[in-house]
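Novice: Make a model of this:
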Amino acid sequence: MFFLVSLLLSGCSTKQYNVVNDIPFKDDHFKECVLSYDEQQLNKFNELECSNSHITSADEIRFFPAIESLDLSNNQLTTLDVTNNTLLKTLYLPNNNLKNLDVSANPLLEFLYAYNNQLSEIDLTHSPLIKELILVGNQLHDLNITANTVLVDLLVYANALTELDISKNTQLEYLQAEKNQIDTLNISHNPKLSVLRVDPSTKIIGILPMNEPSTIDTSTPSRRSEIRIEPYFY
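Specialist: Here you go, the predicted structure:
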């Protein structure tokens, strides 16, 4: 009997669906957002924008194999499993309550926005194509970005970092890392870095490659329009 129950439970956890109406959604808000696309075939969903929708669970995202862009910002998520979404390139998750985020199965990821969550760690070693990374307002103590060699924009303001190795990020142009506990920052290997913002107490090794280093204009959310970041971060 125990074996039969276990087998049935296992079968339920691995069940796949082809159309939206067959999915038993846990969260009606997430279901409502998905249905608003007026598309039933799950493999035809390339993007899904469900921000500001009061969503507490989006577990069913695992049934959307073709998703490349997912926006679940400004919701009430505490967990999210995107390990089945191997085609993901853009992931928006700011202003949720995520404590963990596994992107180890997302090798095509280019844009990751997960600011204002509760992340204490994140493994980015399996996502080497990340260009823009915003992890502002989390609880990160360590951040390994040595595998993210095409990274252009990095914002890790207001965490608990004590060090930050950017020696492998030779394409880095924009770095905001104040409100951490970083004693020393070496920028000797970042020839394209044009915007740098750290705490006054942070010792900088190397110089910005500009004659007149630029600074962040705090009157606007960001100098790069494609980065969606809230003004109150500054």
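Novice: Could you verify that residue 115 is part of a helix?
Specialist: No. Assessed by DSSP: H, G, I helix; E, B strand; the rest coil, residue 115 does not belong to a helix; its assignment is coil.
Novice: So the nearest residue to residue 99 once chain neighbours are set aside: helix, strand or coil?
Specialist: Using C-beta to C-beta, 6 or more residues apart in numbering and skipping residues adjacent in sequence, the residue nearest residue 99 is residue 118, 4.8 Å away. Backbone N, C-alpha and C define where each C-beta goes, glycine included. Per three-state DSSP, the secondary structure class of residue 118 is coil.
Novice: Report the separation between residue 118 and residue 42.
Specialist: Computed as C-beta to C-beta, to the nearest Å, the residue 118 to residue 42 distance reads 30 Å.
Novice: more crowded one of the two?
Specialist: Legend: neighbour count by other C-beta atoms under 10 Å for residue 118 and residue 42, higher for residue 42 (20 against 13).
Novice: The more buried one: what's it in contact with?
Specialist: 17-20, 63-66 (C-beta atoms under 8 Å, 6 or more residues apart in numbering).
Novice: go on, residue 95?
Specialist: Contacts for residue 95 (C-beta under 8 Å, 6+ apart) come out as 73-75, 115-117.
Novice: Also residue 125?
Specialist: Counting by C-beta under 8 Å, 6+ apart, residue 125 touches 104, 144, 146-147.
Novice: Kindly recompute the last result at 7 Å.
Specialist: Residues near residue 125 by C-beta atoms under 7 Å, 6 or more residues apart in numbering: 144, 147.
Novice: Return the residues in contact with the residue nearest to residue 77 when sequence neighbours are not counted.
Specialist: Spatially, and ignoring its direct neighbours in sequence, residue 77 is nearest to residue 96 (4.2 Å; C-beta to C-beta, 6+ apart). Contact partners of residue 96, counting by C-beta under 7 Å, 6+ apart, are 75-77, 117.
Novice: let's see 8 Å
Specialist: Residue 96 sits next to 72-78, 80, 116-117 when contact means C-beta under 8 Å, 6+ apart.
Novice: What of residue 168?
Specialist: 145-149, 189.
Novice: with those in mind, which one is nearest to residue 196?
Specialist: For the contacts of residue 168, the minimum distance to residue 196 (C-beta to C-beta) is 13.5 Å, reached by residue 189.
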